[in-house]
Structure formats: structure tokens, C-alpha cells
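>>> below: sequence and its predicted model.
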Amino acid sequence: MGRIKRFFWKAPSKDTDFGNSVQSILGFPPKDTQLYERVFTHRSIDKIDDKGVRINYERLEFLGDSVLSTVVSSYLFENLPTKDEGYLTLMRSKIVRRDFLNEIGKGLGLQKLLRSNVIQQHYGEDIHGNLLEALIGAVLVDLGYDTCVNFIQTKVIDPHVNLDALENKVLSYKALLMNWFQRNKMTYNYELFDDTGNESQKHHGARLYVNGKVVSKARETSKKRAVEKASQRAYYMYQDQINGSMLNH
């Protein structure tokens, strides 16, 4: 009797699952899967490669930040041919700002692939934007500049960048208010305090005083965010007056 060949189904490996997950995010297959493993490795894993380089996303994040700025600059240069350097610089800062990148990274579900020894609640919001920049850096190294430009165009610019809407986007409510208060000789100050309550993650509170009275308050996971949120709430109180004064200048 001849030998009977038996074929057994083999479950997909973790590497295959990871590669498929990366491909679903990118929209095209990666070449070097190990490179993308760095993208989704937090420094808390504390591993080094054969060359003594730490295995985490931080170097790729640095690279991705640079190429993203270059691609966005090129996009603005081509699409706003009559605008000067100052306007282009301001618009670029509105596109590459941290909260904007955080929203995109969160929408892509990047954090789900992250390996870390840190509790998820302790990451902070910036982890989403950090991973997005690291992913951009990996695409550049893995597949070249043209593919990286295409990735930024299809995942960042096309679905999220509206130049008309961005023109009126306020980058810093605090800076806007301070300028307006000073022009109108109004006194103001921010009071910061801890406001953790029953939550495990530390929170900070901020109160904004204008002419000696509290006009807004907010709480956030960082002092900077608490101040900005309190400023945003105060801006909406003064919005009509601020816009009116801007029209007169």
C-alpha cells in the first residue's frame, strides 16, 4: 500500500496576525514586519537589539515627525500658491499639532497593537499621535518616500485636512485670550490645583480669574491641558466681543 500523505491545517502564527493587522491599517502589505514591531513597542518593554539599540518606537517617531512636516509643507505649498511664508507656517502647525495627530492615531486604532509594561490608563493622550508618527517613519524606511507620501495623503490629509476650516482654527485659546485681555487692559490670572478626586490617574484643575472674578474652570490630566480647557471655555463667553474687536483692527 502506498503511503498516504496527510495534510493538517496550521493555525496562523502571531507574526501573521500582526502582519495582517498592520496591513489593514496601512492599506498595503509591509515588507519588514519586524520594523513595525518597533512601532508598537513601548520603551517600558526595555529590550535592546544586537547592535545595542533600544527596541521601541521613539527613533521612528522622530523620523516620522520630520517627514510628516515635509509632506504637509509640500501639500500646502502646492495648494495655497498665493499665501506667504507666515501663513503657510501657521497652517502647517495647525495640521501637525499634537491633538490633531492624536485624533487620527486613535481613529486608526494604533494603541490596540502596542506592547507595553505600562497600564493603559497611564499612557496619556499623546500616545496615539506618537504611534502615528512612528508608523509614518516605519513606512518611509520600509517602503520608501513615495509610498510614505501616499500613506500620509490617504490617511492624514485627504480624510482630515480641510483648509477652509483650518483657517479659522484657534491653536491656543490661552494665547488668544491673553492678547485680548492685554489689549483691553483687563487683569487676569490662572490658579492651578490638584483635582484627582476618586480617580487613579492624577488630574489637575485650573481656574481663570478676570478682573478678580472666576470666569471659567476645568480639570484635565495635565496642568497645560487644564489651563487650555479653562481658556477655551472663557473664550466662548467673550467670543462676540473678541470677534468684534478683531473686525475693527
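Yep, it's here.
>>> from here on, just use CA atoms for contacts and neighbour counts.
OK.
>>> would you map the helices across this protein?
Using DSSP state H, the helices of the chain run over 14-26, 33-39, 58-79, 85-95, 98-107, 126-143, 145-152, 158-160, 163-167, 173-183, 223-247.
>>> and these, which one is worst for confidence?
For the helices of the chain, mean pLDDT drops lowest on helix 223-247, to a mean of 84.
>>> got the angle between that one and helix 173-183?
Interaxial angle, helix 223-247 versus helix 173-183 (axes from the mean of the first three to the mean of the last three Cα atoms, to 10 degrees): 50 degrees.
>>> quick one: contacts of helix 223-247?
172-174, 177, 180, 190, 192, 204-208, 215-220 (Cα atoms under 8 Å, 6 or more residues apart in numbering).
>>> just the buried ones from these?
173-174, 177, 180, 192, 204-208, 215-220 (16 or more other Cα atoms under 10 Å).
>>> please flag which of these sit within strands.
192, 204-208, 215-220 (DSSP state E).
>>> mind putting those residues into JSON lines with distance to Thr16 and pLDDT?
Listed next are those as JSON lines, based on distance: Cα to Cα, whole Å; pLDDT from 0 to 100:
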{"residue": "Leu192", "distance to Thr16": "49", "pLDDT": "95"}
{"residue": "His204", "distance to Thr16": "43", "pLDDT": "92"}
{"residue": "Gly205", "distance to Thr16": "46", "pLDDT": "93"}
{"residue": "Ala206", "distance to Thr16": "48", "pLDDT": "96"}
{"residue": "Arg207", "distance to Thr16": "51", "pLDDT": "96"}
{"residue": "Leu208", "distance to Thr16": "52", "pLDDT": "97"}
{"residue": "Val215", "distance to Thr16": "55", "pLDDT": "96"}
{"residue": "Ser216", "distance to Thr16": "51", "pLDDT": "96"}
{"residue": "Lys217", "distance to Thr16": "49", "pLDDT": "95"}
{"residue": "Ala218", "distance to Thr16": "45", "pLDDT": "94"}
{"residue": "Arg219", "distance to Thr16": "43", "pLDDT": "92"}
{"residue": "Glu220", "distance to Thr16": "39", "pLDDT": "90"}
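>>> and of the residues you listed, the nearest to Ile152?
In terms of Cα to Cα, no member of these lies closer to Ile152 than Glu220, at 30.2 Å.
>>> mean neighbour count, the helices of the chain: which tops it?
The highest mean neighbour count among the helices of the chain, using mean count of other Cα atoms under 10 Å, belongs to helix 126-143: a mean of 24.
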